[in-house]
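*Asks:* My questions concern the predicted model and sequence given below.
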Amino acid sequence: MSEPTSENTEKPLNFLEQIISDDLQNGKHKNILTRFPPEPNGYLHIGHAKSICLNFGLAKKFNGKCNLRFDDTNPEAEDVEYVDSIREDVRWLGFEWAGEFYASDYFQKLYDYAEDLIKKGLAYVCDLTPEQFRECRGVPTQPGKESPWRNRPAEESLDLFRRMKAGEFEDGKYVLRAKIDMASPNLHLRDPAMYRIKRAHHHRTGDTWCIYPMYDFAHELSDEIEGITHSICTLEFEVHRPLYDWFLDALNTPHRPRQYEFARLNLTNTVMSKRKLRRLVEEGHVNGWEDPRMPTISGMRRRGYTAAAIRDFCERIGVAKRENIIDLALLEHCVREDLNQTASRAMAVLDPIKVVIENYPEGQTEWLEAANNPSDPQAGTRKIPFSRELYIEREDFMEDPPKKFFRLSPGREVRFRWAYFITCKEVVKNDKGEVVELRCTYDPATRGGDAPDGRKVKATIHWVCAQNGKPVQARLFDRFFLKENPDDVPEGMDFISNLNPASLVEKTAWVEPSLLEAKPLEHFQFERVGYFCADRDSKPGAPVFNRTVSLKDSYKPA
RNA sequence: UGUCCGAUGGUGUAAUGGUAGCACAAGUGACUCUGACUCACUUUGUCUAGGUUCGAAUCCUAGUCGGACAACCA
């Protein structure tokens, strides 16, 4: 009924929104075009999600568009498997790209641009080996030395460059360099490489090319070719910006994309480097990029994180230029908030202790009605079986309860959710003194969970019927897999030694029979336990549940 | 003993010379057929030192601390 949200309730613009808003207002641009430019050399992770939400979100907010561009200029590392996974992940996150492009689409144009630069005397073919050139480049505090090939005549460079392309030389024999400034305090301007000879099979262009452009040459020109207005990247490219602009100036291109940088996402207890994630996969510490413990988009999807939650998270973390480490608790909060509204409730017992209802008829089973989501009547109800022998969670019973423990203990009455009020009469132990069974009674008048006489209980606990309940595999993941924050690991120590061995515990859980019908990637809240998601690879009748995130527990034993 | 970038509660992020706000986290209480959710309340902050100004988180100067940069990776 209320009016659409007006200006006064709008969030203040972040610095990128401000820049775009200004550009639009002062007429610098009529339409904006952004791009998300991953290299297809790995799977996307939560850090990429920030960039995706930024680029697509900015475009959407200002009625512009966003391209998906694969920055595939280094064929050695790249593969179609990664292209496919990236497309799937971006789409799953809820974004549609205006155009799908590949830097490799522009290889010919880029080559032509490179010839232009050579003809203008702004690029030259250099014979130096990487080691020799490193020597010339020097250190930031001292000017470098010029390559002896720097002033090679343009015709000679052009000839060599054409022969590089024609495949006349072995890999690494020559490199094409931009002729900029060997004395610049910015090392990236000390005659950076533009092209290298590399005989590698490219996943799109095959063996057409044996020379490939470097990022610094390809990126701003790809932006230019597509007509990108705002080229948004992470902070480590800040020092590349003068180069970005240099190439555009040198070629006097019709479009002038601008590069803006933001601080990348860091998450507590989370590996966020593609290089390290690749190691986890290649060394077999995890089961592939889509392992539910991985902070990859596909891993989180499989674990049960929702796209809406990830988008919300990216919105909440904001964007700025200062280094940051976001508390994982915020991500988990976003996941809980989304799942709380959408996930069906179910009862499951992870660590069972048997309960026998002494005054309940042997052999009888009754089917009780339970709401699928009490806060959402639309979610409907389901039937759950109840009989004389049940399982409850071991931690929901204490023989000698402290003051603030409200759940089951000898002599105390609690509610079994959707069922009856139950009173514990007797504790049965084994030789070792461990509790193995609880003898209880029920009050038939409290069927469904309400006492006609109006008496109250302090706690409601979950349970599963021992006869009709079903065992399933439940994977209890810890919060990703680092024991400590990446920053807290001592210098020089391998991050592998920081992996959390408790990050995956598999155990048998007892669940309502209806859960055997769970569909892959279907979400549930196991009441009072946590949010779970049927595994992507689950089979009907035998699902495996991954724990997405625990419920918050406000009871803390003293 | 270089260049560039940055610095606001525990963690993030606003305030664009005029009341330091919001979220997460933490704590207290209320409610509850989930000790969840929800609701109410509370604790905690402008790196330092100078300067400009009626007034500075914001502008200036110096310092301190943190980060990035020396692939034929992106």
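*Replies:* Done, it's in.

*Asks:* of all of chain A, which residue lies closest to RNA strand B?
*Replies:* At 2.1 Å from RNA strand B, residue A:449 is the closest residue in chain A, using Cβ to the nearest atom of the strand. Using the backbone N, CA and C atoms, a C-beta is placed for each residue, glycine as well.

*Asks:* ok, which stretches of the stretch 251-400 of chain A are strands?
*Replies:* Per DSSP state E, counting those that start in this stretch, the stretch 251-400 of chain A carries strands over the ranges A:258-262, A:344-346, A:348-349, A:352-357, A:365-371, A:381-387, A:389-393.

*Asks:* Please name every helix or strand in contact with the third one.
*Replies:* Spelled out, it's strand A:348-349. For strand A:348-349, the packing partners by 3 or more Cβ pairs under 8 Å, 6 or more residues apart in numbering; DSSP states H and E come out as strand A:389-393, strand A:463-465, strand A:504-511.

*Asks:* How far does the shortest one sit from its chain's centre?
*Replies:* This points to strand A:463-465. Chain-centre distance of strand A:463-465: 35 Å, with Cα atoms, centre = their mean, to the nearest Å.

*Asks:* For residue A:14, grab phi and psi.
*Replies:* Residue A:14 has phi and psi values of phi -80, psi 180 when expressed as degrees, to the nearest 10.

*Asks:* Quick check: it vs residue A:379, distance?
*Replies:* Taking Cβ to Cβ, to the nearest Å as the measure, residue A:14 falls 36 Å from residue A:379.

*Asks:* and what of residue A:148?
*Replies:* 75 Å.

*Asks:* Between these two, which has more neighbouring residues?
*Replies:* residue A:379 (16 against 12; other Cβ atoms under 10 Å).

*Asks:* if I read this right, that one contacts residue A:343, doesn't it?
*Replies:* No. Residue A:379 is beyond contact range of residue A:343, at 9.5 Å (criterion: Cβ atoms under 8 Å).

*Asks:* so how many other residues sit close to residue A:404?
*Replies:* By the measure other Cβ under 10 Å, the count of residues near residue A:404 is 9.

*Asks:* So it belongs to a helix, correct?
*Replies:* No. Using DSSP: H, G, I helix; E, B strand; the rest coil, the secondary structure at residue A:404 is coil, not a helix.

*Asks:* Now for residue A:138: which residues touch it?
*Replies:* A:144-145, A:190 (Cβ atoms under 8 Å, 6 or more residues apart in numbering).

*Asks:* Contacts for stretch A:270-290, please.
*Replies:* Residues from elsewhere that reach stretch A:270-290 (Cβ under 8 Å, 6+ apart): A:41-43, A:45-47, A:85, A:264-266, A:293-296, A:298-299, A:302, A:328, A:480-482, A:486, A:495-496, A:499, A:536.

*Asks:* what about 7 Å?
*Replies:* A:42-43, A:45, A:47, A:265-266, A:293-296, A:298-299, A:302, A:328, A:480, A:482, A:486, A:495-496, A:499 (Cβ atoms under 7 Å, 6 or more residues apart in numbering).

*Asks:* try stretch A:519-538
*Replies:* With Cβ under 7 Å, 6+ apart as the test, stretch A:519-538 has contacts from A:302-304, A:336, A:339, A:342-348, A:350, A:417, A:462, A:474, A:518, A:543-551.

*Asks:* tally of neighbours for residue A:11?
*Replies:* Neighbour count of residue A:11, defined by other Cβ under 10 Å: 8.

*Asks:* which residues of the stretch 1-150 of chain A fall in strands?
*Replies:* Listed in chain order, the strands of the stretch 1-150 of chain A (DSSP E, counting those that start in this stretch) span A:33-36, A:65-70, A:100-102, A:123-126.

*Asks:* Please tabulate the ones you listed in JSON lines, including the columns mean neighbour count.
*Replies:* Output for the strands of the stretch 1-150 of chain A, formatted as JSON lines (neighbours: other Cβ atoms under 10 Å):
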{"stretch": "strand A:33-36", "mean neighbour count": "25"}
{"stretch": "strand A:65-70", "mean neighbour count": "24"}
{"stretch": "strand A:100-102", "mean neighbour count": "17"}
{"stretch": "strand A:123-126", "mean neighbour count": "25"}
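
*Asks:* any chance of the ones you listed in JSON lines, plus distance to residue A:392?
*Replies:* Below are those laid out as JSON lines (distance: least, Cβ to Cβ, whole Å):
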{"stretch": "strand A:33-36", "distance to residue A:392": "49"}
{"stretch": "strand A:65-70", "distance to residue A:392": "50"}
{"stretch": "strand A:100-102", "distance to residue A:392": "53"}
{"stretch": "strand A:123-126", "distance to residue A:392": "74"}
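
*Asks:* related to what we said a few turns ago, got a quick PyMOL command for the buried subset of the contacts of stretch A:270-290?
*Replies:* Selecting only the buried entries of these in PyMOL, with 16 or more other Cβ atoms under 10 Å as the criterion:
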select buried, chain A and resi 42+43+45+47+265+293+294+295+296+298+299+302+328+480+482+486+499
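
*Asks:* So is stretch A:228-238 next to RNA strand B?
*Replies:* Yes. Under the criterion of Cβ under 7 Å from any atom of the strand, RNA strand B is reached by stretch A:228-238 at A:235-238.

*Asks:* This completes my enquiry, with thanks.
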